[in-house]
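In: here is a sequence with its predicted model. Questions after.
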Amino acid sequence: MNKPSGVAILDWDGSKLRLAKLDRLAEPGDILHWVAAEAGEDAGIGIDAPIVIPNETGMRQADRLAHSMYGKYHAGAYPASRARSFWQRTTGLSASLLELGFRHGDSADPKCSGRFQIEVHPHAATVQLFVLDQIVKYKRGLLAERVTGLERLRGLMLDRLPLLIPPLELDRLPEIPQRGNELKAVEDQLDALLAAYIAAHWWYWGRERNDVLGDSTVGYIVVPHRNAPVGLEESDLDADPVRQFQKWFERARASGNREPSAMTLATTSPDGQPSARMVLLRGVSEDGFVFFTNYRSRKARELAANPKAALVFFWPELSRQVRITGQVSKTTREESEAYFQTRPRGSQLGAWASWQSSVIAGREVLDARVRKLEVRYDGKDLPTPKDWGGYRLRPDIIEFWQGRADRLHDRLRYSKTAKGRWKIERLAP
């Protein structure tokens with residue numbers, strides 16, 4: 001009778017990972033059928049067992065390296081050889097996966113297409129990804145000790161995996177039971193989830209942030225690099241907050257965020273009523289942060305009465321937020337016209353058709369205006385509407401927020417001194 005194994009599926013949506021399925025299967029044949037049914041053309045598999053064992057006895061090079069690198073964390077790999085009874089099951093599974101097109105991934109490029117499989121070592125991965133002094137012990141010992149260890153592992157996964165890159169979105173995980181047989185089932189599933197995440201980490205970063213111990217000829221293990229604590233130190237910051245913002249903005253664009261330029265703009269009415277809405281950043285320089293809108297809109301009227309405003313950027317893929325306050329003024333007419341001509345024609349027509357924030361009788365009013373404009377400007381360039389243009393917020397305070405575990409986030413604030421220089425202060429979370 002084969003021992004059951006945990007299986008997990010993670011889906012990538014272009015910006016983050018999501019746990020799609022978590023299960024437990026007993027027979028290798030069941031696992032292969034499951035893979036054949038669930039895996040797409042682009043898929044990676046992390047296997048928590050030796051998949052290449054060329055030697056009859058003794059320790060593989062990969063295991064020796066794991067002992068030397070991770071033994072201090074009590075995470076040395078258990079020697080794999082053909083003298084151990086399980087070898088035919090694990091290497092046989094790997095060979096069957098090769099027949100399904102899952103090549104060995106020890107030399108795969110980051111974000112490659114196709115199917116790959118790798119051997120992983122969850123114990124070593126946890127001390128690396130979660131920056132631990134030693135492994136979380138839950139495999140052996142008294143039942144109460146195993147329960148405590150598995151509860152700790154579950155908590156680390158829920159707290160830390162969403163903060164890593166690539167982030168893994170986890171709404172929930174199985175609760176930790178108090179009975180031995182049930183405990184083993186959850187243990188198998190959490191191990192499978194870790195193995196799947198390691199495969200995703202390898203796909204995302206390749207050798208840039210992973211070690212490959214050995215190779216597919218002599219046997220290999222993939223282990224993530226020790227993850228730097230997710231945090232923000234004063235020494236990390238540029239002296240100029242706009243340059244610091246530009247660094248974070250470029251990182252957000254590279255993270256897979258679908259709209260990294262989206263920002264909340266908050267304004268206030270003459271009687272002090274705040275209002276907020278999402279707009280798009282269209283330029284940033286030492287002169288400030290630029291966005292465009294209709295000058296008859298509510299935000300425009302409020303900015304005319306009180307030219308102070310706040311901006312907020314939030315990039316969940318990186319667990320980062322930037323808050324900005326400052327004075328707002330209109331851009332030059334030349335800047336507004338130059339930007340308007342870069343907009344898609346449909347957006348240009350929309351700017352003419354919509355008197356933003358005014359009450360209309362129905363959607364058909366907008367559609368009718370657009371049709372008239374299409375006829376009027378057929379074959380012609382649209383000029384910039386006189387009541388449409390840009391604003392520039394010149395910051396006096398910029399705060400950089402980095403999410404951390406246990407809600408102990410980092411908050412570092414730049415504020416201008418009386419002499420016009422930037423001062424950096426740390427705020428309590």
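Out: Received it, and whenever you're ready, just let me know what you need. Numbering: from 1, shown residues only.
In: element containing the nearest residue to residue 55 once chain neighbours are set aside, please.
Out: Leaving aside its chain neighbours, residue 55 sits nearest to residue 81 (5.9 Å; criterion: Cβ to Cβ, 6 or more residues apart in numbering). For the C-beta atoms, the positions are set from N, CA and C on the backbone; glycine is no exception. Taking DSSP states H and E as the definition, one finds residue 81 inside no helix or strand.
In: residue 81: neighbouring residues, count only.
Out: 17 (other Cβ atoms under 10 Å).
In: wait, what's in contact with residue 413?
Out: Contact analysis of residue 413 by Cβ atoms under 8 Å, 6 or more residues apart in numbering lists 397-400, 424-427.
In: please report phi then psi for it.
Out: Phi and psi for residue 413, reported as degrees, to the nearest 10, are phi -110, psi 130.
In: from memory the residue nearest to residue 55 sits against residue 62, does it?
Out: No: using Cβ atoms under 8 Å, residue 81 is not in contact with residue 62, being 11.9 Å away.
In: hang on, the earlier thing: how about the contacts of residue 413 in TSV, adding secondary structure and neighbour count?
Out: Converted to TSV, the contacts of residue 413 look like this (DSSP: H, G, I helix; E, B strand; the rest coil; neighbours: other Cβ atoms under 10 Å):
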residue	secondary structure	neighbour count
397	strand	15
398	strand	24
399	strand	18
400	strand	22
424	strand	15
425	strand	11
426	strand	12
427	strand	11
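In: what's the distance between residue 190 and residue 315?
Out: 28 Å (Cβ to Cβ, to the nearest Å).
In: next: residue 76.
Out: Distance from residue 76 to residue 315, by Cβ to Cβ: 38 Å.
In: again, but for residue 175
Out: 31 Å.
In: ok, and the closest non-adjacent residue to residue 113?
Out: For residue 113, the closest residue by Cβ to Cβ, 6+ apart turns out to be residue 42, at 5.4 Å.
In: contacting residues for residue 235?
Out: Neighbouring residues of residue 235 by Cβ under 8 Å, 6+ apart: there are none.
In: does it sit in a helix, a strand or a coil?
Out: helix (DSSP: H, G, I helix; E, B strand; the rest coil).
In: show me the shaky parts of the stretch 201-350 of the chain.
Out: Low-confidence segments of the stretch 201-350 of the chain, defined by pLDDT under 70, span residues 228-230, 254-256, 317.
In: cutoff 80 now
Out: Along the stretch 201-350 of the chain, the model assigns pLDDT under 80 to residues 227-231, 251, 254-257, 317-318.
In: for it, what spans make up the helices?
Out: Under the criterion DSSP state H, counting those that start in this stretch, the stretch 201-350 of the chain carries helices at the ranges 241-254, 298-305, 333-340, 345-353.
In: residue 323: which of those helices is closest?
Out: Among the helices of the stretch 201-350 of the chain, the nearest to residue 323 by Cβ to Cβ is helix 241-254 (10.9 Å).
In: got the end-to-end distance for stretch 53-61?
Out: End-to-end distance for stretch 53-61: 10 Å, by Cα to Cα, to the nearest Å.
In: how distant is that stretch from the center of its chain?
Out: Distance of stretch 53-61 from the chain centroid (Cα atoms, centre = their mean, to the nearest Å) equals 38 Å.
In: can you list contacts of stretch 335-344?
Out: Under Cβ under 8 Å, 6+ apart, the answer for stretch 335-344 is 282-283, 290, 292, 348, 351, 381, 384, 388-390.
In: neighbours of residue 261, how many?
Out: When counting by other Cβ under 10 Å, one arrives at 16 neighbours for residue 261.
In: I meant residue 54, not that one.
Out: Residues near residue 54, counting by other Cβ under 10 Å: 12.
In: now stretch 170-185 - C-alpha only, CSV.
Out: Taking Å, rounded to 0.1, in the frame of the first residue of the first chain, the C-alpha atoms of stretch 170-185 are listed here in CSV:
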residue,chain,number,x,y,z
LEU,A,170,-3.9,32.9,0.9
ASP,A,171,-7.3,33.5,2.4
ARG,A,172,-7.3,30.4,4.5
LEU,A,173,-5.6,27.0,5.1
PRO,A,174,-6.8,23.8,6.7
GLU,A,175,-7.2,24.1,10.5
ILE,A,176,-4.7,22.0,12.4
PRO,A,177,-6.5,18.9,13.9
GLN,A,178,-5.6,17.3,17.3
ARG,A,179,-5.7,13.7,16.2
GLY,A,180,-2.7,11.8,14.7
ASN,A,181,-4.2,10.5,11.4
GLU,A,182,-6.0,13.8,10.7
LEU,A,183,-2.8,15.7,11.5
LYS,A,184,-0.8,13.7,9.0
ALA,A,185,-3.3,14.6,6.3
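In: quick check: the closest residue to residue 314 other than its chain neighbours vs residue 172, distance?
Out: In this structure, residue 314 finds its nearest non-sequential neighbour in residue 321, 4.9 Å apart by Cβ to Cβ, 6+ apart. As judged by Cβ to Cβ, residue 321 and residue 172 stand 24 Å apart.
In: what about the residue nearest to residue 113, distance to residue 371?
Out: 43 Å.
In: noted, bye for now.
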